[in-house]
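Visitor: I would like to see how this sequence folds:
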Amino acid sequence: MEEGERFGEKASMAAIGVITVSDRVSKQQYEDKGGPAAVAFLSEKLSFNDADGSSKLALHTAVVPDEAEKLTEAVVKMTEELNCCLIVTTGGTGISARDITPQTTESLCAGALIPGFGERMRQASWESGVKTSMLSRATAGVFRGKCLIINVPGSPAAVDCCLSSILATIPHAVHQIGGPRLQLTDTSIDPALHHAQAHHHAH
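Guide: Below is the predicted model of the structure:
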C-alpha cells in the first residue's frame with residue numbers, strides 16, 4: 001500500500017492511539033484516569049474530515065504495565081495494525097525505577113526524537129505551579145517514520161496542561177511525517193502553524 005493511500009490525501013479516516021502505562025491500572029488495582037482524560041482531550045480538540053466532509057477520527061486505547069516489552073508491543077500494534085498516525089502515552093514519565101516510558105520511547109524512536117515537545121510541556125507545567133515538573137522525563141519522537149509518539153504524565157490535570165501546551169503543533173508534525181491532515185477544532189489557535197501546515201514549509 002502506498003503511503004499516500006494510507007495516510008495522505010486519499011485517507012478516509014485518521015486513527016489516534018492512547019496507551020496508559022501503569023502497573024496498578026493494568027492489574028485493575030487503580031482506576032485509569034490519565035487514559036480517558038487523553039481520549040477526551042484529543043477527541044474534543046482534534047478532527048479529521050474526509051472528502052465528503054464527514055468526521056472520521058478513530059480513537060484506540062490500550063493499557064499496559066510499566067514494562068518496555070509490553071509498551072513496545074502496543075506501539076507496534078497501533079502503528080502497523082491500526083494505522084495510528086499519533087500515539088499519546090500516559091504515565092511512567094517520572095524517575096522511579098518502574099518509570100520506563102521515556103526510555104522506551106527513545107529506543108523506539110532512535111534517531112527521530114523531538115525534544116521540543118517535552119521541553120514545552122515541562123515549561124507549561126512549571127508555569128502552572130507544578131514545581132515537580134522538572135522531574136518529568138516525558139519526550140516525543142517519530143516511530144518508523146510514520147507515527148508521532150508523545151509522552152504525558154498520568155494525572156488528568158497534567159494530561160490537559162501538557163497536551164494543551166503542544167496542541168497547535170500536533171497537526172503540522174503529523175502531516176510532516178506523511179500523516180493525514182488533522183484539524184484543530186478551535187481554528188483560532190495559532191494561525192501561523194495552520195499556514196505552515198497548508199504550505200508545507202520546510203524546516
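Visitor: ok, the nearest residue to Pro153 once chain neighbours are set aside - how many residues close by?
Guide: Spatial nearest neighbour of Pro153, chain neighbours left out: Thr93 (5.1 Å); criterion: Cβ to Cβ, 6 or more residues apart in numbering. For every residue, glycine as well, the C-beta is placed using N, CA and C. When neighbours are defined as other Cβ atoms under 10 Å, Thr93 has 25 of them.
Visitor: separation between Thr93 and Asp66?
Guide: Thr93 sits 11 Å away from Asp66, going by Cβ to Cβ, to the nearest Å.
Visitor: which residues are common contacts for these two?
Guide: Counting by Cβ atoms under 8 Å, 6 or more residues apart in numbering, the common neighbours of Thr93 and Asp66 are Asp99, Thr101.
Visitor: what helix or strand does the most centrally placed residue in the chain sit in?
Guide: By Cα atoms, centre = their mean, the chain has its centre lying nearest to Val88, at 3.0 Å. For Val88, the host element (DSSP states H and E) is strand 84-90.
Visitor: list the buried ones in the helix or strand that that strand is followed by?
Guide: Counting by DSSP H and E, the next helix or strand C-terminal to strand 84-90 is helix 101-108. Residues Thr101, Pro102, Thr104, Thr105, Leu108 are the ones in helix 101-108 that count as buried (16 or more other Cβ atoms under 10 Å).
Visitor: low-confidence ranges, this structure, go.
Guide: Scanning the chain for pLDDT under 70 picks out 1-11, 50-55, 190-203.
Visitor: can you show me the helices along the chain?
Guide: 3-6, 23-26, 34-45, 68-76, 101-108, 115-127, 156-166, 170-176, 191-199 (DSSP state H).
Visitor: which stretch among these comes nearest Ile150?
Guide: Nearest of those to Ile150, taken as Cβ to Cβ: helix 115-127 at 5.8 Å.
Visitor: which helices and strands does that closest one pack with?
Guide: The helices and strands touching helix 115-127, judged by 3 or more Cβ pairs under 8 Å, 6 or more residues apart in numbering; DSSP states H and E, are strand 140-143, strand 147-152, helix 156-166.
Visitor: phi first, then psi, for Gly111.
Guide: Here is the backbone geometry of Gly111 (degrees, to the nearest 10): phi 90, psi 0.
Visitor: in stretch 87-102, what counts as buried?
Guide: Buried residues in stretch 87-102 (16+ other Cβ under 10 Å): Ile87, Val88, Thr89, Thr90, Gly91, Gly92, Thr93, Gly94, Asp99, Ile100, Thr101, Pro102.
Visitor: alright, I will stop here.
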